[in-house]
Structures are given as C-alpha cells and as structure tokens.
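1. test case, fold it:
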Amino acid sequence: MQRRCSLVTPVTTVGEVGEHAVSAELLHDPAAYARMLQRVHDAVLSGVPAPHQPRSVISASWDRSLAADVDPDGQPPPLVYEAGELDDVRQEHPLASVLPLLRQNLVSIADDAEHIMIVTDADGHILWREGEAGVCHQADRVLLTEGVRWSEDVIGTNAMGTVLATGEPVQVYSAEHLVRMYHTWTCAAAPVRDPESGRLLGAIDVSGPLRTVHPAMLALVSATASLAEGQLKAQLAVRDERVRRSHMPHLEALRGEPGALLSATGRVLATESCGPLPDALPVRDGAIALPDGRVGMLEPLPEGYLLRLGGTSSHVPVRRRLGLTFLSDSAPVVTVDGREIPITLRHAEILTVLAMHQHGMTADRLAFELYGDDGNPVTVRAEIHRLKAQLGADVVRTRPYRLAADIDADFLRVAAALREGDVEAVVRGFDGPLLIDSEAPAVRDERESLTALVRRAVLDSGDAEALWRFWETSCGADDAEVVERLCRLLPERDPRRRIVDTHRDRLTAMP
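-> Down below sits the predicted model:
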C-alpha cells in the first residue's frame, strides 16, 4: 500500500548531500551509492529517520508524485499512442526537425555506455527511443518505450518527468526514482524550449543501468539540448526572413510613414521610421496601444501582421540595447533591442573597435585601428554612415564616433571575467576566436590576446570542465597541451575520456 509522508523528516546523521558530493560518491562506488539510496528511499517512505536526506530536487519530486497518488509499488506507466498513431504525432512535433542532431550527439555515446536516448513531448510521452539493443530490450520490460507517458503524475520521479515539471536539467540515480521497479535504472535529462515562445517542447534523456552511469552524462545531455535549441532558433530565423521578404512590399507601401512587420505571434521583424518598439506586441486585429503611449493599427497578413503607427504622445526616449556575439567560428551576430540585424564583417570590425573605446574615436584613429597605416578617414566616414543607417542614429553617434547604446558584447564579458579570475564565466562566454576572418589590426591583436589569456586561464585552473569547454572550441581542438591535460584530468570512466584519447592519438599520428 502506498504510504503518504512528508519529506522533511529530520535526519539523524548527515544533512542534505550537495550535488557535487553526490556525483563524487556515485563515481567512486556506484553499487554502494545505490544501496545508500535504497536505505534513504525505504526510510523516508516509511516515515522513519533516514541516513541521509534526499537531494532537494528529489525530495520535491517525491512530494509532487505522492500528491498525485503515484504508488511506489505500482504498475508501469500507460501506453497512450499505438505505433500507427505515433507516426502522425512525431511528424507534427517541433523536435522532429532536430532529431538528426540528437542522434549524432547522443545515440553513439548511449551505445558505447550501454544507454538509450529518449525524446519526449511536453506531456511526457516518449516519441523516440534509440540506442543499444540489449538496453532497449530491458527497457521494453518496464515500458520505457515509445508511445508511453512518463510524466511525474503517472510514474513518479524520473529524469524526463522531473525535467518537464521543473524546467531544469536533472540526473536521477537508482532509488531516487519513486517507483521501486526503476531502482536498477539511472537517467539524465534536459529540457528543450521553443526559441520563439519559450514554452517547453519536451525533454531529451539518456537512460541505462546504474553500473554504467557517470555524472558527466548530464552535462552532455544539457549541451545537446542547447544545440537543439540553437538549431530551432536558426530554423526560426529562416522562417522570419521568408516572411520578411514576402511582406516587405506592404511596409514599403507606407511610403515612409511609421510602421512595422510582425510575425504571427507578434515579434517585430522589420520597422520603418517608428523608433524603438518592444521585442514583441500582443496581436489582434484592430487598434493597439504601445507601452510608450503610441497608438497603432494591426492589419492581418499571411503568417503575420502589418502595424501602422498613428499619433504619438510625448515619451522619454529609451536607450537602445546593442548585443554583439563575435566569439564564434560562425558569422558575427548583432542585435538591437533583441532583434537580429544582418551585418558585414567590416561593420562588425567597426563595432568591435568602438565597443573597446566607448569614450569615442576620431575618424583618423578609427581608420588606423581598422586599416593600419593605409587607413583612410574618408572610407571610415562612408562606412559609419552606412552603419548608422542600418542600426539607427540613436545607436551609432558621430563627433566623436561612438556607440550610444547599452552594449552587451561577449568579448567584453570574457575580458572582464579574466580580470576577475572567474574561469567559469570565461569558458561560459568563450565560444571561439574574436571575428576569426578579420584582418583589421586592432581586432587581430585583441583576438590573439584574448585567446591566449583564455587558454592560460583554463590550463592554470586545473579544472577538467573548463578545459573541456575550451577544447570544444576551434581554439582548443588541436591544442596538444590542452588535449594532454584533459587526458590526465578526466577519469577513466568519464564518457568524454575515450573521445579525448582518440583525438590525442590522431594528433600524435599527424606529421
């Protein structure tokens, strides 16, 4: 019979075990750790003092599960979608478009670690399951399979269901599962969100037997979820551009009168002479009042809206927000008030130099920083004129040339983190070299200096996670010292160790 209980029972020995301590103990002796979790599970559900208190994320999940009448000794979860129905559900789900990426990043690792990859929808229905055949066979016996619902309210604490309940990545070990049937399993899962609305689309999960688990699996699953969200964002940008091009004639027909193109959900895609707008507006046919007091009319278009702005009331100008994402092997990304603006490399170089000299520069000085001794201030003035027209006169100012917006630049954040000795913030912000294709003297000098400082910071830290993040960038991928240090720091059972060992062998074999 199910026992209801409060999971705040006082402990008699040790207080709540932190996440890092849990991971270390699990890695040291998984079998002993599983036995300890079993004692905690039995004690808490019996209402007697436990040797340890469950992790807070687990305790909260047990409370939710028991409140939903989940029986710890209950039956497997229900099959909701038969095979014939599942195909239609999969085709309509947004995560279908990123499934190849998920397979590429997780299935091979799951195979090697005797795990399976699982993808659910926002309600916890398993839509895809792939991985090692033997583990799939074991999973079939407990209905950890496609078409079955694995939300907390049905089957209790599990990584997928708990992720969907909290919106945060989680790893669930052995007897941290509420239902005893799953105490021989462990799983790590992370949420995937819609880049447009922010709503949960589902969870991705790697599950398998406890004997093969490693705490790093959660980091790998979380990183893959981030990659999936990035791909969804790129797909959204393609759709936005298609809508923009299709509907630009409607905006141009305003002949200079203030207006904007909105997506079907109200995001601002393009503007004309209308000044600052929120990132998104509530959409409905007819009149709409903006937060700053202006009044407009929304006209429906296929896949979007045309906003016509009428009279305005007096309002205080709002300082623009300029986002610069330049630390990457990809093309530079510039946003103004959250909206991405297409940018050339030369304009990205100008923004980089101005961001590094926020008090302003003369045309002669800017020309020298961009072109060296051959720099021509006339060329700079022409480029500034074009950049000002693209970003707005309230973002780029002259006399002297400067940026008048609130600047959020990844290279400035990383430089600040280096000065403060915050290695975690350094690796979090450093995704690659500064404007890798730029030959502008000032940018080239800053790129080389920043990369060298980041490299030295992660090597001196002795932190395997920081080294791994740096190694994943193009700056660290073929760095023999970084690879060798990773091989020494990563434990033998860490799934990443095999990847780095293989890469070291390839580097050693190179002439």
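2. specify the local secondary structure of A270.
-> Judged by DSSP: H, G, I helix; E, B strand; the rest coil, the three-state class of A270 is strand.
3. what backbone torsions are found at the nearest residue to it once chain neighbours are set aside?
-> Spatially, and ignoring its direct neighbours in sequence, A270 is nearest to L261 (4.4 Å; CB to CB, 6 or more residues apart in numbering). In short, each C-beta sits where N, CA and C put it, glycine included. For L261, the backbone dihedrals (degrees, to the nearest 10) come out as phi -100, psi 130.
4. which residues does L261 contact?
-> By CB atoms under 8 Å, 6 or more residues apart in numbering, L261 lies in contact with 243-244, 247-248, 250-251, 268-271, 301, 304-307.
5. what are the buried residues along stretch 236-243?
-> By neighbour count on 16 or more other CB atoms under 10 Å, the buried set for stretch 236-243 is D240, V243.
6. for it, which outside residues touch it?
-> Residues outside stretch 236-243 that contact it (CB under 8 Å, 6+ apart) are P195, E196, L261, S263, R267, L269, E303, G304, E340.
7. return the distance of that stretch from the chain's centre.
-> Its chain's C-alpha centre and that of stretch 236-243 lie 20 Å apart, by CA atoms, centre = their mean, to the nearest Å.
8. for the residue nearest to A270, give its distance to V333.
-> Separation of L261 from V333 (CB to CB, to the nearest Å): 20 Å.
9. C-alpha coordinates for the helix or strand encompassing L66, CSV please?
-> Per DSSP states H and E, L66 falls inside helix 56-67. Taking C-alpha atoms only, helix 56-67 is exported to CSV below (Å, rounded to 0.1, in the frame of the first residue of the first chain):
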residue,chain,number,x,y,z
SER,A,56,16.2,18.8,-2.7
VAL,A,57,15.2,18.2,-6.3
ILE,A,58,14.4,14.6,-5.5
SER,A,59,12.5,15.4,-2.3
ALA,A,60,10.3,18.0,-4.1
SER,A,61,9.6,15.5,-6.9
TRP,A,62,8.7,12.7,-4.4
ASP,A,63,6.2,15.2,-2.8
ARG,A,64,4.6,16.0,-6.1
SER,A,65,4.5,12.4,-7.1
LEU,A,66,2.9,11.2,-3.9
ALA,A,67,0.4,14.1,-4.1
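10. any regions of this structure where pLDDT drops low?
-> 1-28, 108-113, 213-215, 285, 310-318, 511 (pLDDT under 70).
11. what segments of the stretch 51-200 of the chain are strands?
-> Using DSSP state E, counting those that start in this stretch, the strands of the stretch 51-200 of the chain run over 116-120, 126-131, 170-173, 185-193, 200-209.
12. so how many other residues sit close to the residue lying closest to D153 once chain neighbours are set aside?
-> In space, and not counting its chain neighbours, D153 is closest to A68: 3.9 Å by CB to CB, 6+ apart. If you count neighbours by other CB atoms under 10 Å, A68 ends up with 13.
13. what's stretch 477-494 in contact with?
-> Residues from elsewhere that reach stretch 477-494, judged by CB under 8 Å, 6+ apart: 27, 214, 216, 455, 458-459, 462, 464, 467-468, 470-471, 476, 496-497, 500-501, 503-504, 507.
14. give me the buried positions along the helix holding L66.
-> Of the residues in helix 56-67, V57, I58, S59, A60, S61, W62, D63, R64, S65, L66 count as buried by neighbour count, 16+ other CB under 10 Å.
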